[in-house]
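Following is a predicted model, sequence given first.
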Amino acid sequence: VVALLLLTYPLLRPLALQLHSAVTGSYSPGSLSIALVACLNEQIAKDIARAIMDKKLAACVNILPKSSALYFWKGQVEESTEILLLVKTRTSKIGELSNYVRSIHPFENPEIISLPIDQGNPLYLKWIEESVPRD
């Protein structure tokens, strides 16, 4: 029984958190995420942000001004400027968001990473949940 519980814990925990959230009306930590997407320039960033919004994969996309980036690429240190997108969405949408952005992004290997939202303004978090359709 203990082994079964340990094996099913990763599957049962999210369901328990969703049930708790539904019953109490509280936010379930980690059910929303912020995805970071690096873009080559402002026009590409705007195009990708608009495409994400058109697909209803996010409640909001912030476009942050250019920043310098240093990174390894094909064994060499590269330097460039990038525009960063902050994409607020449901954690359950991250896979779909990542696949979609990779399909439209001009980079061979675009940066698409996500961080779970642990806490925040309850009304804002509720707005994100209401703005992004469930799976």
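Looks like it came in fine.

What is the neighbour count of Asn99?
10 (other C-beta atoms under 10 Å). The way it works is simple: take the backbone N, C-alpha and C, and place the C-beta from them, glycine included.

which helices and strands sit right next to the helix or strand hosting it?
Using DSSP states H and E, Asn99 maps to helix 94-104. Under the contact criterion of 3 or more C-beta pairs under 8 Å, 6 or more residues apart in numbering; DSSP states H and E, helix 94-104 touches strand 32-39, helix 42-54, strand 112-116.

again, 6 Å this time
If contacts are counted by 3 or more C-beta pairs under 6 Å, 6 or more residues apart in numbering; DSSP states H and E, helix 94-104 sits against strand 32-39, strand 112-116.

Check the offset of the first one from the chain's centre.
In other words, strand 32-39. In terms of C-alpha atoms, centre = their mean, to the nearest Å, the centre of strand 32-39 is found 5 Å from the chain centre.

which residues touch the helix holding Asn99?
Outside of helix 94-104, the residues that reach it under the criterion C-beta atoms under 6 Å, 6 or more residues apart in numbering are Ser33, Ala35, Val37, Ala51, Leu57, Ile112, Ser114.

what bridges to the residue nearest to the spatial centre of the chain?
The centre of the chain sits closest to Ala35, judged by C-alpha atoms, centre = their mean, with a distance of 2.9 Å. Counting by DSSP bridges, Ala35 forms beta bridges with Val87, Ser114.

any idea how far Met53 is from it?
Between Ala35 and Met53 the distance is 13 Å, computed by C-beta to C-beta, to the nearest Å.

try Ile83
Where Met53 is concerned, Ile83 sits at a distance of 16 Å (C-beta to C-beta).

who's more crowded, the two?
Ranked by neighbour count (other C-beta under 10 Å), Ile83 and Met53 place Ile83 first, with 21 against 15.

what is the mean pLDDT for the host helix or strand of that one?
Ile83 is part of strand 76-90 when elements are defined by DSSP H and E. The average of the pLDDT scores along strand 76-90 is 96.

Could you quantify the relative orientation of that strand and strand 32-39 as an angle?
Here strand 76-90 runs at an angle of 140 degrees relative to strand 32-39 (axes from the mean of the first three to the mean of the last three C-alpha atoms, to 10 degrees).
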